[in-house]
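In: Following is a predicted model, sequence given first.
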Amino acid sequence: MYSKEEPPSSLSGNQIPGGKQLDFLVHHKTAGHAGLELKNIREWIYPDRDEIRELLAKCCALDVVPVLIARRIHFSTFSVLNPCGVLIHQTFNQLYPNSRKALAEAVKDKNLLGYHDVRVGNNPDQRLTTFRRNSPTETHTGCTGKIRRVQGSFVRLWERRNQLPSVRRCLR
């Protein structure tokens with residue numbers, strides 16, 4: 001097993017209220033910081049969920065780009081959050097570590113819960129790896145044309161962060 005080092009709850013003099021923390025805080029040299037929240041839960045993520053409100057509150061407090069990664073995210077959530085500059089990724093799977101393989105098998109059993117989207121493993125799947133490569137945390141070499149496009153799209157989202165003050169007003 002591995003141990004996770006918790007990200008700081010403050011950045012550049014800004015502090016997340018209530019001592020809360022993001023799941024991960026990443027930095028890209030040209031695009032800036034991004035705050036990641038990973039939700040490995042059964043429920044679909046809708047725009048009115050507490051998880052969304054907390055993600056936006058934490059990221060607005062630190063002035064970082066919000067990134068949401070979850071099993072299933074409803075279309076309305078994409079429609080509401082994408083124009084605000086939130087990066088969103090669906091895994092389409094409920095993920096279990098190798099150490100919980102027996103539990104995952106029980107959850108998949110058709111005579112019990114019968115969840116078809118359960119995956120076991122400690123490594124990211126191809127979709128998540130691709131999303132990670134296109135995110136600001138990866139250092140790219142070669143293929144500069146493609147890399148510029150990927151970094152450029154993130155930088156454009158970062159530049160749209162000036163829309164976040166309107167999100168801040170909605171959170172009050």
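Out: Now that the structure is in, tell me what you want to look at.
In: What's the first helix or strand after the longest strand belonging to the chain?
Out: Among the segments of the chain that qualify as a strand by DSSP state E, the longest is strand 32-39. Next helix or strand after strand 32-39 toward the C-terminus (DSSP states H and E): helix 50-62.
In: Using CSV, write out every CA atom in that next one.
Out: Only the C-alpha atoms of helix 50-62 are listed here, as CSV (Å, rounded to 0.1, in the frame of the first residue of the first chain):
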residue,chain,number,x,y,z
ASP,A,50,-22.7,18.9,-1.9
GLU,A,51,-19.6,17.5,-3.6
ILE,A,52,-19.9,20.1,-6.3
ARG,A,53,-20.5,22.9,-3.9
GLU,A,54,-17.5,21.9,-1.8
LEU,A,55,-15.2,21.5,-4.9
LEU,A,56,-16.2,25.0,-6.1
ALA,A,57,-15.8,26.6,-2.6
LYS,A,58,-12.4,25.0,-2.1
CYS,A,59,-11.1,26.0,-5.5
CYS,A,60,-12.5,29.5,-5.4
ALA,A,61,-10.9,30.0,-2.0
LEU,A,62,-7.5,29.0,-3.4
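In: packing partners for the longest strand of the chain?
Out: Applying 3 or more CB pairs under 8 Å, 6 or more residues apart in numbering; DSSP states H and E, we find strand 32-39 packed against strand 24-28, helix 50-62, strand 65-70. All C-beta atoms are positioned from the backbone trio N, CA, C, and that covers glycine.
In: Great, nothing more from me.
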